[in-house]
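Participant: Sequence plus the predicted model coming up.
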Amino acid sequence: MSIAEIENEIVEEFELFGDDWEGKYEHLIDLGKHLPLIEKQYKTDERLIKGCQSKVWLRSILKDEKIFFSADSDAIITKGIVALMIRVISGHTADEIINAQLEFINKIGLMEHLSPTRSNGLVSMIKQMKLDALAYKQ
Amino acid sequence: MTIETITKKSTLNIQKLRQDFPILSKKVNGKPLVYFDNGATTQKPKQVIDAINNYYQTQNANIHRGVHQLSIDVTIAYENARTTVQKHLNAALSQEIIFTSGTTESINLVANSFGKKYIKSGDEIIISEMEHHSNILPWQILCEEKGAVLKVIPINEKGELLIDEYKKLLCDKTKIVAVTHISNTLGTINPLKKIIALAHEKNIPVLIDGAQALPHIKVDLQDLGADFYCFGGHKIFGPSGVGILYGKEKWLNEMPPYKVGGGTIKTVTFEKTTYADLPLKFEAGTPNIEGGIGLAAAIDYVNEIGLENIGAYECELLEYATAKLSGIEGLRIIGTAKEKASVISFVIEEVHPLDIGTILDKQGIAVRTGHHCTQPLMQHFGIPGTIRASLVFYNTKEEIDILVNGIKKAIKMLK
């Protein structure tokens, strides 16, 4: 599936919750529990993305021209958001990742997590994923 | 709070007072707003909103030196605001009240101006472990520039300053002491009189960061004897972007200007400028006029309710909230000082503060999570951050119940 197709799939998945914030956040928390975890030895300071409050560790590897991510966070909702990001982006080529629009975040009502000063560092994470992709391209 | 205020039963009609604050009837995420982020900023009563509104509708002109009626009238209004602040703090002179943009600018002003004149290599500046970054960084930069040394008063596990350690730090090299009145993270009310007296024995001036104190307690500057006292308008139900630096006249007269520009001068030639007398020496440029007027309205409002009444009621709230929150399994309160304002920080076992804050927000409850700009304090307690509920007089026991249920729900979802 393309990045856009996965984004659409997630949007449909979240539409089921409608106004039910509890359901939506429970789903996010559940997704966080299934995040492809970064291996312990890679959970180093240099892989740490500094948000203001929660920490996110991110690692990428290149395999058959495609980039795969693993991650972890100390906050469970952040972990859920990271899991969504990885589901969308992981397994695609550098160009696909660099050009990804990632509009699903807005569409599923998680835009509040995207403001640049927001404490979970989602913006920094997206930037780091794209920077990784760019690095593999060169 | 002191024992006297605890024994005084509050008589405030909170429901009636809440009606003064339009925003408190707002719904957030479909739920009635429960606002417990007062330590970050307080909500504004319509008396303050009206004062600002009225300023723009009927008073707007630039202050000082204007020959026309509007300018004369608004100058009087602005200077009356200064007098309102002076009286509220029981400062000796109105020219000891300097309008700034907030607590942060007030501290920066002193660190820059006092620092330029009095601090040299090898000197020492004392702060405490519980300071907000705003009362650390200006001194840290000053120390780096001048080759001075920053000394830190440690705290105990309750979050109280260790006065014996403070005594040991005070020495001939100490040039200024800068401590907070009330800790924004822990709620600790520091023993200022003792701190100031000990410094004054050695002729060392003391700066107090009063940002968190003004909405909760009566500050009498002549009684306290502080050399500098700083606070911001928005934390005492007034507008943001305005604050106060109180300084004893003798210091302010000796200190050089910090920012310069229009309004701060007597005469200017390209060779030499002579500066205006206090307070204008420190008030360059067109100030936040509506901010000053709004701040005075906020002070009048607080005085109408009475800080004693507010203190007594907040004591009840603090006691109630502490008991209720302590009943939640795995919850630990950070900051258990004997003298404490209605600020409660806590952590919950195995749950990140940010997650709790996010789920509370979905329930219409506004708290603050994180390090609260006191990272050294977080390092002391070995935690990444806390959840902080900071309460003022318009909060209620019912709201505390909503918070407690909200936390329980969050824990259930997150664990």
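Facilitator: Ah, there it is.
Participant: Return, as residue ranges, the portions of the chain with sub-threshold pLDDT.
Facilitator: Chain wasn't specified; assuming chain A. For chain A, the stretches with pLDDT under 70 are A:51-52, A:111, A:113-120.
Participant: oops, I was thinking of chain B
Facilitator: B:1-9.
Participant: For chain A, list the residues in contact with chain B, please.
Facilitator: Contacts of chain A with chain B, taken as Cβ under 8 Å from any Cβ of the partner chain, map to A:19, A:21-22, A:25-26, A:29, A:52-55, A:74-78, A:119-120. Any C-beta I mention is one placed from the backbone N, CA and C, and that applies to glycine too.
Participant: Make a PyMOL selection of the buried ones in the residues you listed.
Facilitator: Of the residues of chain A next to chain B, the buried ones go into a single PyMOL selection, burial set by 16 or more other Cβ atoms under 10 Å in any protein chain shown:
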select buried, chain A and resi 21+25+29+53+54+55+75+76+77+78+119+120
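Participant: In strands only, show me the residues of chain A next to chain B.
Facilitator: Mapping these onto strands (DSSP state E) picks out residue A:55.
Participant: Nearest residue to residue A:76 in space, please, no chain neighbours.
Facilitator: Once flanking residues are discounted, residue A:76 sits nearest to residue A:32: 4.9 Å by Cβ to Cβ, 6 or more residues apart in numbering or on different chains.
Participant: which ones are touching that neighbour?
Facilitator: For residue A:32, the residues meeting the contact criterion (Cβ atoms under 8 Å, 6 or more residues apart in numbering or on different chains) are A:73, A:76-83.
Participant: before we move on, the earlier item: could you list which of the residues of chain A next to chain B belong to helices?
Facilitator: Per DSSP state H, helices hold the following members of the residues of chain A next to chain B: A:21-22, A:25-26, A:29, A:76-78.
Participant: Now the two most distant members of these.
Facilitator: Farthest pair in these (Cβ to Cβ) is A:22 and A:78. Separation: 18.1 Å.
Participant: Report the central residue of chain A.
Facilitator: residue A:85 (2.3 Å; Cα atoms, centre = their mean).
Participant: Could you report the distance from residue B:23 to chain A?
Facilitator: Using Cβ to the nearest Cβ, to the nearest Å, residue B:23 is found at 19 Å from chain A.
Participant: Looks like that residue contacts residue B:41 (just checking).
Facilitator: No: using Cβ atoms under 8 Å, residue B:23 makes no contact with residue B:41, being 11.1 Å away.
Participant: Confirm the residue nearest to residue A:76 sits in a strand?
Facilitator: No: when classified by DSSP: H, G, I helix; E, B strand; the rest coil, residue A:32 is found to be helix rather than part of a strand.
Participant: Flag every residue of the stretch 251-400 of chain B that's near chain A.
Facilitator: So the stretch 251-400 of chain B meets chain A at B:351-355, B:358-359, B:362, B:369-371, B:384-385 (Cβ under 8 Å from any Cβ).
Participant: which ones among those are found in strands?
Facilitator: B:369-370.
Participant: among the residues of the stretch 251-400 of chain B next to chain A, which two are most distant?
Facilitator: B:362 and B:371, at 22.7 Å, using Cβ to Cβ across those.
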